[in-house]
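Q: Whatever this is, show me its structure:
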Amino acid sequence: MLIVGDIRLYCDGLGQLLARNGQVRVIAVATSIDETVARVDEDRPDVILVDMAMSGSLDVVRATRGVRPALPIIGLAIPESEPEIVACAEAGVSGYMQRDGTLDDLLEAVHGALGGELRCSPRVAMALLRRVAALAPGPEDQLSGSLTRRELEVLGLIESGLSNKEIAGRLGIEPSTAKNHVHRVLEKLGVHRRTEAAARLRRAGVGPRWLTRQRGPEPLGESSLNPRLNPSIPQDAPAARMPGGTVPG
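A: Take a look at the predicted model:
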C-alpha cells in the first residue's frame, strides 16, 4: 500500500497503525504528485490511500490514473458535500472514507477496492446515483438523437394512427416514400410494429409541440410546389419554378 498526504507525520502514523493491524503492508509514503507517480511506477503498490484534505489531491488521483488506470484509489477524509463527492468519483477515486470513519471502516474499504467493490456510506452512494441519473439521456434525447426531422414527423403521425397512404397525403409525398420513412423509424427504434413505435413516443412523454420544435420549419420542396402532390394548389395553377429555373415534376 502507498499512502499519500502532505503531512508526513500523519501519513507515517497511519502507516504504523495499519502495519500493527497485520492485514496491510505499507511500502511507502508520498507527499507530492511527482513523488506519488514515481512510487506508483517503481514500487507497484496494490492500493493507494490519498488524503483528500491535501491541496491538489484530485490532481494526485488523476496523475495516478494516468500511470496505472486500474489501480484502486481510496480517498481519505472525503467531505460530505455532494459536489466534492462527485468530483472525487470523476477524478478516479474507487473507495471512500469520510472524516468520521474508523480503522475497521478503512480496512473494509481497502479490501472492497481490491476485490473490485465500492464500499461507501449511504450518503456517498446517493450522491453517485444522482450523478449517474443526471448524465443518463432522457427519452426525448434518445428520440431526437436517433431520428431525423422527417422521421420524427412520421413517428408523430404513426402515433396518431395514420396509415402509410394517409401519412403520404399529410406530408405531400409518395406512398412508397412514406413507407420507407416508416420502415426506417421502426428500424432505428428497434421495434417491429407501428404500435410499439407509438408506445415509445408515449413513454417519452412528448407531444406534438415537442415534435414540431424538433422538426423545425420544413424547406420548400417538391411537395409544396407541385400541384399534383399538394392538394392546396389548384390543379390548373401555373407550375412554380424551383431555384435555377427548373419546373418540378
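
Q: buried residues in the helix or strand containing Val185?
A: Of the helices and strands defined by DSSP states H and E, Val185 is found in helix 175-189. With burial defined by 16 or more other Cβ atoms under 10 Å, the residues of helix 175-189 counted as buried are 178, 181-182, 185-186, 189. Any C-beta I mention is one placed from the backbone N, CA and C, and that applies to glycine too.

Q: Give me the domain ranges for the chain.
A: The domain map for the chain lists 2-135, 139-218, with the assignment taken from automatic domain parsing.

Q: the helices in this protein, which residues?
A: Along the chain, the segments classed as helices by DSSP state H run 8-21, 33-43, 57-67, 82-91, 103-114, 122-135, 139-146, 149-159, 164-171, 175-189, 194-203, 208-215, 222-225.

Q: Can you pull out the low-pLDDT segments for the protein?
A: In the predicted model, the chain carries pLDDT under 70 at residues 135-145, 204-249.

Q: For stretch 196-203, buried residues please.
A: Of the residues in stretch 196-203, those scored as buried under the neighbour-count criterion (16+ other Cβ under 10 Å) are 197-198, 200-201.

Q: With respect to Glu117, which of those residues is nearest?
A: When these are compared for distance to Glu117 (Cβ to Cβ), Arg200 wins out at 35.7 Å.

Q: And for that closest one, nearest residue in space, chain neighbours not counted?
A: Take Arg200 and drop its neighbours on the chain: the residue closest to it by Cβ to Cβ, 6 or more residues apart in numbering is Leu189, 5.5 Å away.

Q: is it true that the one you found touches Thr195?
A: No: using Cβ atoms under 8 Å, Leu189 is not in contact with Thr195; the gap is 11.9 Å.
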